[in-house]
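J.: with the sequence up front, the predicted model follows.
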Amino acid sequence: MKTNCLRACHHTPLLLHSRTRHTIPHFLSPSTWRPLQSPTLFSTKRLLAAPNAAAATTTTTTTTNDARVLREGIVEFYDESSSLWEDIWGDHMHHGYYDPDSSVSVSDHRAAQVRMIEEALRFSLEEPTEKPERVVDVGCGIGGSSRYLSRKFGAICQGITLSPVQAQRANALAAAQGLADRVSFQVADALEQPFPDGQFDLVWSMESGEHMPDKKKFVSELARVAAPGATIIIVTWCHRDLAPSEQSLQQWEKELLNKICDAYYLPAWCSTADYVELLQSLSLRDIKAADWSQYVAPFWPAVIRSALTWKGLTSLLRSGLKTIKGAFAMPLMIEGYKKDLIKFSIITCRKPRQSLERALERHLSREYIGLNSQANHKSVTNDGLTVSDENYRSQALPTVVFIAEAVRAKSSLLLAVVLSSP
């Protein structure tokens, strides 16, 4: 099913793309651009979709050497380019969110980047008053999103990045802005996050998913560190969803994406539908997705214009070959958007609260009563879950009924523990 309803209301969840047209400046037309040559980082294998599936699922096979080359390339690229980006664009290393067909100044572009954060929160959070207390920023850049979210919610934020330069700069900015006690950053891999299970109320990934060679593991790690009931927000670059009759992208589409991959150190792309399927496979709830491509349309032309200023050119020349190569690839991103190949997607979901309820059951039935007592135990949740345990009988305690409301759960958990003498 195809739809163009995003034009009517951008907050409407979508799984398929809308057709948005973008204009490429004639002096930067991709037809006049010749990419720098470099070997393809990865070999990819596309699996056929199940019968009647809306889109084929993309998987990427990588060798140990492939993963090492990709990781090193990402680190070097962001070590080189982050200071240039900060000089011209400020704290936020991501797209801006614009009204369609708007013409904006550089200062407006910075405001649009902040608006992107607000729009992502508005799309994702159930209640406007919802305030997460613990946030992880996966692929944090120089920490712009983390510092903004910490100030907005009063939250404790932890960011991870592969780039030591970014982590050091992010911590320095947090200290300079008086946020060092609430915001911190470290070098870590998003596919092996250094956090315990269920740590965060908000799991935030703003334009980092495109760098992940194993999308399934990436999404699994986001879900693992999310607390029960937590919101997971993924804003990322995707390719278009495949039609039911398609087995893969067209050859010209693959070639265009490969050029972008070589410039920005990306593994194989996937579609928005692929992300949705991955989230569904983890039994995550309230999954929503939308194509925001038309709302980021002014961004890449603005980046190109900023690169063509005297400040931009001199900074670019000082930054290094990887950054220069990335600058030459910018018209390809515009071409991909114009041809409806590249999609700027937001995908959000919630981790089920049931895990919290079951944890509370175990805590109340054993810790509150005490491991030394024995009782007939019954617990009933609003989901209809019933647990009976005949191993618990008490010889000393009278009959007691204990009713508790699940912590932070939207609906109450009624836990009845009956202790009876023999």
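T.: Looks like it came in fine.

J.: hey, where'd the helices end up in this structure?
T.: Secondary structure of the chain, counting by DSSP state H: helices at 64-89, 106-124, 144-153, 164-176, 215-225, 251-264, 272-281, 299-307, 310-319, 321-328, 330-338, 354-362.

J.: P132: which of these is closest?
T.: The closest of these to P132 is helix 144-153. By Cβ to Cβ, the value is 5.7 Å. (C-beta placed from N, C-alpha, C; glycine too.)

J.: just checking, what packs against that closest one?
T.: helix 106-124, strand 134-138, strand 156-161, helix 164-176, strand 183-187, strand 200-206 (3 or more Cβ pairs under 8 Å, 6 or more residues apart in numbering; DSSP states H and E).

J.: angle of it against strand 156-161?
T.: 170 degrees (axes from the mean of the first three to the mean of the last three Cα atoms, to 10 degrees).

J.: hang on, the earlier thing: just put the helices of the chain in TSV and tack on mean pLDDT, mean neighbour count and distance to S245.
T.: As requested, these are arranged in TSV below (pLDDT from 0 to 100; neighbours: other Cβ atoms under 10 Å; distance: least, Cβ to Cβ, whole Å):
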stretch	mean pLDDT	mean neighbour count	distance to S245
helix 64-89	88	17	31
helix 106-124	90	18	31
helix 144-153	98	22	39
helix 164-176	98	18	43
helix 215-225	98	20	24
helix 251-264	96	18	15
helix 272-281	98	21	14
helix 299-307	81	20	31
helix 310-319	76	14	43
helix 321-328	84	17	35
helix 330-338	95	21	22
helix 354-362	54	18	38
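
J.: any chance of the ones you listed in JSON lines, plus distance to F200?
T.: Listed next are the helices of the chain as JSON lines, based on distance: least, Cβ to Cβ, whole Å:
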{"stretch": "helix 64-89", "distance to F200": "23"}
{"stretch": "helix 106-124", "distance to F200": "14"}
{"stretch": "helix 144-153", "distance to F200": "11"}
{"stretch": "helix 164-176", "distance to F200": "17"}
{"stretch": "helix 215-225", "distance to F200": "6"}
{"stretch": "helix 251-264", "distance to F200": "27"}
{"stretch": "helix 272-281", "distance to F200": "17"}
{"stretch": "helix 299-307", "distance to F200": "28"}
{"stretch": "helix 310-319", "distance to F200": "33"}
{"stretch": "helix 321-328", "distance to F200": "31"}
{"stretch": "helix 330-338", "distance to F200": "31"}
{"stretch": "helix 354-362", "distance to F200": "14"}
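
J.: how about these, which one is nearest D291?
T.: D291 sits nearest to helix 272-281 of all the helices of the chain, at 6.9 Å, using Cβ to Cβ.

J.: from the contact counts, what lies against that closest one?
T.: Using 3+ Cβ pairs under 8 Å, 6+ apart as the test, helix 272-281 ends up in contact with helix 215-225, strand 226-239, strand 285-291, strand 342-350.

J.: residues contacting the closest residue to K343 other than its chain neighbours?
T.: Nearest residue to K343, sequence neighbours excluded (Cβ to Cβ, 6 or more residues apart in numbering): C238, at 4.6 Å. Counting by Cβ atoms under 8 Å, 6 or more residues apart in numbering, C238 touches W269, C270, S271, T272, D274, Y275, I342, K343, F344, S345.

J.: ok, the first one - contacts?
T.: So that's W269. T58, E210, W237, C238, H239, L257, C261.

J.: recalculate using a threshold of 7 Å.
T.: Counting by Cβ atoms under 7 Å, 6 or more residues apart in numbering, W269 touches C238, H239, L257.

J.: ok so, going back, quick one: which of the helices and strands packed on helix 272-281 is nearest F77?
T.: Nearest of the helices and strands packed on helix 272-281 (Cβ to Cβ): strand 226-239, 15.2 Å.

J.: avg pLDDT for the closest one?
T.: Average pLDDT, strand 226-239: 98.

J.: and that strand with helix 251-264, angle?
T.: Using the same axes, to 10 degrees: strand 226-239 against helix 251-264 is 120 degrees.

J.: among the helices and strands packed on helix 144-153, which is nearest Y148?
T.: Here helix 106-124 is closest among those (Cβ to Cβ), at 5.7 Å.

J.: and that closest one, what other elements does it pack with?
T.: Counting contacts by 3 or more Cβ pairs under 7 Å, 6 or more residues apart in numbering; DSSP states H and E, helix 106-124 is packed against helix 144-153, strand 226-239, strand 342-350.

J.: any idea how far the nearest residue to H239 once chain neighbours are set aside lies from I232?
T.: With Cβ to Cβ, 6+ apart as the criterion, H239 has its nearest non-adjacent residue at 4.5 Å, and that residue is W269. As for W269, its distance to I232 is 20 Å (criterion: Cβ to Cβ, to the nearest Å).

J.: please apply the same query to R169.
T.: 26 Å.

J.: same check, this time on G143
T.: Distance of G143 to I232, given as Cβ to Cβ: 20 Å.

J.: what about the two, which has more around it?
T.: G143 (29 against 26; other Cβ atoms under 10 Å).

J.: for the more buried one, phi and psi?
T.: phi 90, psi 10 (degrees, to the nearest 10).

J.: so who does it touch?
T.: G143 is in contact with G159, A170, L173, A174, V183, F185, counting by Cβ under 7 Å, 6+ apart.
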